[in-house]
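Asker: just the structure for this:
(chains A and B)
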Amino acid sequence: MTRQMTGAKMVVQALKDQGVDTVFGYPGGAVLPIYDEIFQQNDIRHILVRHEQAALHAAEGYARSTGKPGVALVTSGPGATNAVTGLTDALLDSIPLVVFSGQVPTFMIGTDGFQEADTVGITRPCTKHNWLVKDTDQLADTIHQAFHVATSGRPGPVLIDLPKDVQFADGEYTPPAKAKISHYQPKVKASIEEITDIVALIEKAERPVFYTGGGVINSGPGAAMLLRELVDATGFPITSTLMGLGAYPASGKQWLGMLGMHGLYEANMAMHGCDLMINIGARFDDRITGRIQDFSPNSKKIHIDIDPSSINKIIRVDLPVIGDVGHVLEDILKVWKSRGRKTADVSAWQKQIDEWRAVRCLTYKNSGSVIKPQYALQRFEELTKGMDRYITTEVGQHQMWAAQFLGFEDPNRWMTSGGLGTMGYGFPASIGVQLAHPESLVVNIAGEASWLMNMQEMGTAIQYRLPVKQFILNNERLGMVRQWQQLLHGERYSSSWSEALPDFVKLAEAFGAKGIQCSDPKDLDDAIMEMINYDGPVIFDCLVEKHENCFPMIPSGKPHNEMLLGDASTDGAIKSDGAVLV
Amino acid sequence: MSALRIEQGSTSHSAYDLRDYHAEVIEKHTLAVLVDNEAGVLARVIGLFSGRGFNIESLTVAEVNHENHLSRITIVTTGTRDVIEQIKAQVGRIVPVHDVHDLTVEGPSIERELALFKVEGTGNNRIEALRLAEIFRANVVDSTLESFVFEMTGTSEKIDAFADLMRPLGLVETARTGVAALARGSAI
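Answerer: Next up, the predicted model:
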């Protein structure tokens, strides 16, 4: 059944039909008709953020923690340009977002009208796809198509640009079931030959390692369950990228911890020394590979990815398999079981890995007088690990320490800006997560500099009574920048300290939230519990050691087996050819 | 700790530089890309090339199936084998792209380009230009007492060769369409 309605009403109707319950947005002239429709209904909740960038990050947090697409609504011009960082962030981390932007009326496009920007032009390289809808009759089809594109294949952000006259005009509404089916149907199943080849390699491997990424999370909780079954049944060790944490439980016996630039020694050494690398839904990012010429020199490499362009982009692999992680894992398990659940003897490899584990690469020098950031996270982990907990982070040292020191038992519990590395991501993301999981503990592990980038969202947290906890590891520095300046730029700390910081306790109180400051390790446990037990948003100003460095670290331009394990090993570690890398 | 000294040109030694990895010969490939004929589709394709640092030697685009709103983009590009593979995968995942065919590797194909040449001159040069045009089967499509406009269809190499010959004879302006290409045989 089709119905006549205005474009603005169509937007709301299509969102309802797509099962959307929450929209993050900020109104403006070019989207007023849609806001008027939102006002006149109760099925879709609109969350008023304080900046459009935050609307996108909140939608990302919502999406990442639920597996559903996040939806945002922004106005034309500055509304759309403010959304660009969030779109790019979602593109690099493959987060499904559907973003609506207002646009000047069709007859004004190209006239440099008030708040006009070429939004589809600007967002073309930072969306998976985008549309400018010029005809209200096309609108419903386009929205349904947008949800299809955002969520199928490798997920990503899409944007629909909506001229104001299209919102006012009447058109024919098409429900999702009747909408035009796109030719865009990515391949999800691998061939039986490919599966058999994978299984044959698994059966022979003597030094295997699973290297998993965000693709496992994106494939859904079922994929994580299949991964656990395969890892536990084969007994092969497993490491994961930053984006894939939680797919395999941190308490699992085969867990090596995160790999990469600030990954664990045993994880990186296993990657370097393995004879079979099984990449499941990861993309050989430069934070993972280190020096490419020396990357895992003696291994056969399997790469399972839904995106053909990820294959052989950075690392040439022996067995590329294009498909959805969940489908491929299911088939691998089926074939491997039917062939008798065979594996080679990997005990020597396990022993080697145990020796690497014994290095205890996360060891740091604790202090009785100053809170070490690692200690703060260790205590936080100890006090909250059994709880129904979701973690977001900002970007920098604190993010890496959080990835190292917190354990994730389930997928969709860890929201962080991996690919783009967006400072200011964590706070709005925590708001999106809390809205999706109102009863759960949602904590943003932050640095003070990142946190200030979207601190205006305190208003949103208060307005919607969201008890998000902002756990700020405050070293009064841009810690990771400072660390690189120490290692690479002769300790000349150019613009990497946070001067004129606010009093975070007073800041919290000014917004009507709770502020806690802690500087003594002895008070830390009580202070963390006070934060957790408070029913409302909290800014926790945790004053930590100012010049702590994040280790282990693969210096730029070095391979996995040349990690720095602590301050003593840093002198001259990065050569000039590595220094040009970021 | 000593001050940082970055050697001149050291960026070319970047560990992330694909060019050092599998250093191979640069190949020239002709890609046929079938796309939905919708607003911005060409910008998507060429934006991908510029954004990811791929080369475009020639590009032609026109609607080829009005009923289904399909356009065909023919791109001649260069790169190592790895880069060409990456180009095909990247173009292939653009949502309105239906198909990417690498005509260079998928069997024999024909490539044609159309060019217009304006040649000015009198006397012997003018006679020589006309004589060479006949040899190359170029048509005269416009003429004054001091000039010709030649039209020629052929491979890019043939057009290059004709342009080289016309240059000393008074070639003043050239317009080329870029390459259009199809696979040989009955298969689609």
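
Asker: how near is the residue sitting nearest the centre point of chain B to B:Val76?
Answerer: Closest residue to the average C-alpha location of chain B: B:Ser58 at 1.9 Å, with CA atoms, centre = their mean. Computed as CB to CB, to the nearest Å, the B:Ser58 to B:Val76 distance reads 4 Å. The way it works is simple: take the backbone N, C-alpha and C, and place the C-beta from them, glycine included.

Asker: got any residues that touch both of the two?
Answerer: B:Ser156, B:Gly178, B:Val179 (CB atoms under 8 Å, 6 or more residues apart in numbering or on different chains).

Asker: which ones among those residues map onto strands?
Answerer: Nothing among those maps onto strands, per DSSP state E.

Asker: format those as CSV; extra columns: pLDDT and neighbour count.
Answerer: As requested, the shared contacts of B:Ser58 and B:Val76 are exported to CSV (pLDDT from 0 to 100; neighbours: other CB atoms under 10 Å in any protein chain shown):
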residue, pLDDT, neighbour count
B:Ser156, 96, 19
B:Gly178, 96, 17
B:Val179, 96, 21
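
Asker: which among those residues gets closest to chain A?
Answerer: B:Gly178 (22.6 Å; CB to the nearest CB).

Asker: how about the closest one, what does it touch?
Answerer: By CB under 8 Å, 6+ apart, the neighbours of B:Gly178 are B:Ser58, B:Leu59, B:Thr60, B:Thr74, B:Val76, B:Glu113.

Asker: adding secondary structure and distance to chain A, write these out as a markdown table.
Answerer: Listed next are the contacts of B:Gly178 as a markdown table, based on DSSP: H, G, I helix; E, B strand; the rest coil; distance: CB to the nearest CB, whole Å:
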| residue | secondary structure | distance to chain A |
| --- | --- | --- |
| B:Ser58 | strand | 23 |
| B:Leu59 | strand | 17 |
| B:Thr60 | strand | 21 |
| B:Thr74 | strand | 20 |
| B:Val76 | strand | 21 |
| B:Glu113 | strand | 29 |
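
Asker: identify the farthest-apart pair in those residues.
Answerer: B:Leu59 and B:Glu113 (11.6 Å; CB to CB).

Asker: between those two, which one's more packed in?
Answerer: Each of B:Leu59 and B:Glu113 has its neighbours counted (other CB atoms under 10 Å in any protein chain shown); B:Glu113 has more, 23 against 18.

Asker: wait, isn't the more buried one in contact with B:Thr153?
Answerer: Yes: between B:Glu113 and B:Thr153 a contact is recorded at 7.2 Å, counting by CB atoms under 8 Å.

Asker: can you list the residues of the stretch 301-450 of chain A near chain B?
Answerer: Counting by CB under 8 Å from any CB of the partner chain, the residues of the stretch 301-450 of chain A lying close to chain B are A:Asp307, A:Pro308, A:Ser309, A:Ile311, A:Asn312, A:Lys313, A:Ile314, A:Arg316.

Asker: same thing but 10 Å
Answerer: A:Ile306, A:Asp307, A:Pro308, A:Ser309, A:Ser310, A:Ile311, A:Asn312, A:Lys313, A:Ile314, A:Ile315, A:Arg316, A:Ile322 (CB under 10 Å from any CB of the partner chain).

Asker: which ones among those residues lie within strands?
Answerer: Applying DSSP E to those, the entries found in strands are A:Ile322.

Asker: just send the residues of the stretch 301-450 of chain A next to chain B back as CSV, with distance to A:Phe24, neighbour count and pLDDT too.
Answerer: What follows is these, written out as CSV (distance: CB to CB, whole Å; neighbours: other CB atoms under 10 Å in any protein chain shown; pLDDT from 0 to 100):
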residue, distance to A:Phe24, neighbour count, pLDDT
A:Ile306, 27, 26, 97
A:Asp307, 27, 20, 97
A:Pro308, 32, 21, 96
A:Ser309, 29, 19, 96
A:Ser310, 29, 26, 97
A:Ile311, 34, 22, 96
A:Asn312, 37, 18, 95
A:Lys313, 32, 19, 96
A:Ile314, 33, 20, 95
A:Ile315, 37, 18, 96
A:Arg316, 41, 16, 95
A:Ile322, 33, 21, 97
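
Asker: and which of the residues of the stretch 301-450 of chain A next to chain B is nearest B:Leu42?
Answerer: Of those, the one sitting nearest to B:Leu42 (CB to CB) turns out to be A:Ser309, at 19.5 Å.

Asker: who's in contact with the closest one?
Answerer: A:Ser309 sits next to A:Arg154, A:Arg283, B:Arg52, B:Glu85, B:Gln86, B:Ile87, B:Lys88, B:Ala89, B:Gln90, B:Val91, B:Gly92, B:Arg93 when contact means CB atoms under 10 Å, 6 or more residues apart in numbering or on different chains.

Asker: mind checking which of those are in helices?
Answerer: Mapping those onto helices (DSSP state H) picks out B:Glu85, B:Gln86, B:Ile87, B:Lys88, B:Ala89, B:Gln90, B:Val91, B:Gly92.

Asker: could I get those as a markdown table with pLDDT, neighbour count and distance to chain A?
Answerer: Shown next, in a markdown table, are those (pLDDT from 0 to 100; neighbours: other CB atoms under 10 Å in any protein chain shown; distance: CB to the nearest CB, whole Å):
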| residue | pLDDT | neighbour count | distance to chain A |
| --- | --- | --- | --- |
| B:Glu85 | 95 | 19 | 6 |
| B:Gln86 | 97 | 22 | 6 |
| B:Ile87 | 97 | 25 | 9 |
| B:Lys88 | 97 | 20 | 9 |
| B:Ala89 | 97 | 18 | 4 |
| B:Gln90 | 97 | 21 | 5 |
| B:Val91 | 98 | 23 | 9 |
| B:Gly92 | 96 | 16 | 6 |
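
Asker: and those, which is closest to A:Ile143?
Answerer: Distances from A:Ile143 to the ones in helices among the contacts of A:Ser309, taken by CB to CB, are shortest for B:Gly92, at 25.1 Å.

Asker: do you know how far the closest residue to that closest one other than its chain neighbours is from chain A?
Answerer: Once flanking residues are discounted, B:Gly92 sits nearest to B:Val100: 4.6 Å by CB to CB, 6 or more residues apart in numbering or on different chains. To chain A, B:Val100 is 10 Å away according to CB to the nearest CB, to the nearest Å.

Asker: where's B:Val100, which helix or strand?
Answerer: Per DSSP states H and E, B:Val100 falls inside strand B:97-102.

Asker: show me which positions of that strand end up buried.
Answerer: Buried residues in strand B:97-102, counted by 16 or more other CB atoms under 10 Å in any protein chain shown: B:Val97, B:Val100, B:His101, B:Asp102.

Asker: who's the second one bridged to?
Answerer: Think B:Val100. B:Val33 (DSSP bridges).

Asker: contacting residues for it?
Answerer: Listed by CB under 10 Å, 6+ apart, the contact partners of B:Val100 are B:31-35, B:73, B:75, B:87-94.

Asker: and for the third one?
Answerer: Neighbour list for B:His101: B:Thr30, B:Leu31, B:Ala32, B:Val33, B:Leu34, B:Arg72, B:Thr74, B:Lys88, B:Ser109, B:Ala181, B:Leu182, B:Ala183 [criterion: CB under 10 Å, 6+ apart].

Asker: how close does it sit to B:Lys88?
Answerer: From B:His101 to B:Lys88 the distance is 9 Å (CB to CB).

Asker: try the second one
Answerer: With the distance defined as CB to CB, B:Val100 ends up 5 Å from B:Lys88.

Asker: tally of neighbours for B:Val64?
Answerer: With other CB under 10 Å as criterion, B:Val64 counts 12.
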